[in-house]
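Colleague: Pasted the sequence and its predicted model underneath.
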Amino acid sequence: MPAISSAALKIVVVVGAGPGTGFAIAKRFAQAGHPVALISRSKTRLEELASDINQLQQGKAVAYGADVSQKDSIDAAFGQIDRDFGGKARVWGAVFNPAAISRAPFLETTAEQLEEQWQVMTKGGFLFAQAYLRTLTAHADWAKSREGDEPAGFLAVTGATASLKGSANFSAFASAKAGLRNITQSIAREYASQGVHVFHTIVDGMIDGERARSYMGSDFVPNSRFKPEDIAEAYYSVATQRKSCWTHELDMRPYSETW
């Protein structure tokens, strides 16, 4: 019987793993041999995506329906992941990639829109990170995993330029992303010394996919929109960095966007 690879023992959990960036990230880790757990409020479509990953040579994916803004829901999902994958495999990495967005002029933005953005992104990111870190540190191999030059785990959080400087017509979205970025930075300051690589990404530009095409159409300059698989490659590269050189914030944009 062939030996089990190191990656096969390290589960990666992805929230917002629907079609597009989240799925591309999950697929990239699966291609490297990691079991992946896909989480979204809608489980039905995720099951189709999990099936696609399971057809890969090393693919192993399971879909879960959970509401990240509800503690009991996300805690239950992590508990189920632990039971489903079982054995020697442990939750190792986590990606928070929420898809919520709200666009409206400031005076037309409602309190309900603001609340929704904070519920999904800020509160959701907070509860997801707590559930992940509790699961990571409760594993029997936690102490041993902190040895050596590889990360004991990683937490990747998808952000936006709006988290740094606001954005016209996106005040609710920008405020929620700013809160999420600060939570991420606080976690990094607390857990880096324990070997957990926590990083925040700024995805500045339009991502080519169903949502972008519905908003902006399909007529655009080649390579002026992100390709989900290229974003996924960047996440994978940062998540697997050795301890001597960690990236804590990754600012990405297509070549046509100025920095």
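Modeller: Looks like it came in fine. Numbering: from 1, shown residues only.
Colleague: How is the nearest residue to residue 41 once chain neighbours are set aside assigned, secondary-structure-wise?
Modeller: Nearest residue to residue 41, sequence neighbours excluded (CB to CB, 6 or more residues apart in numbering): residue 67, at 5.6 Å. Backbone N, C-alpha and C define where each C-beta goes, glycine included. Secondary structure for residue 67, judged by DSSP: H, G, I helix; E, B strand; the rest coil, is coil.
Colleague: was I right about residue 67 contacting residue 39?
Modeller: No. With contact defined as CB atoms under 8 Å, residue 67 does not reach residue 39; the gap is 9.6 Å.
Colleague: Which one of the two is surrounded by more residues?
Modeller: Under the criterion of other CB atoms under 10 Å, the comparison of residue 67 against residue 39 puts residue 39 first, with 30 against 17.
Colleague: In terms of helices and strands, where is the more buried one?
Modeller: Assigned by DSSP states H and E, residue 39 belongs to strand 36-40.
Colleague: tell me the angle of whichever helix or strand comes after that strand relative to strand 36-40?
Modeller: Going down the chain from strand 36-40, the next helix or strand is helix 43-54, by DSSP H and E. On the basis of axes from the mean of the first three to the mean of the last three CA atoms, to 10 degrees, helix 43-54 is oriented at 160 degrees to strand 36-40.
Colleague: and helix 43-54, what does it pack onto?
Modeller: The criterion is 3 or more CB pairs under 8 Å, 6 or more residues apart in numbering; DSSP states H and E, and the helices and strands that helix 43-54 contacts are helix 21-31, strand 36-40, strand 61-65.
Colleague: before we move on, back to that, off-centre distance for the strand holding residue 39?
Modeller: 10 Å (CA atoms, centre = their mean, to the nearest Å).
Colleague: pLDDT of it, averaged?
Modeller: Taken as a whole, strand 36-40 has an average pLDDT of 96.
Colleague: what does that strand rub up against?
Modeller: Strand 36-40 is touched from outside by 11-18, 22-23, 26, 29-30, 46, 49-50, 53, 60-66, 68, 74, 77, 81, 84-85, 91, with contacts defined as CB atoms under 8 Å, 6 or more residues apart in numbering.
Colleague: Mind checking which of those residues are buried?
Modeller: The neighbour-count criterion (16 or more other CB atoms under 10 Å) marks 11-18, 22-23, 26, 29-30, 46, 49-50, 53, 60-64, 66, 68, 74, 77, 81, 85, 91 among the contacts of strand 36-40 as buried.
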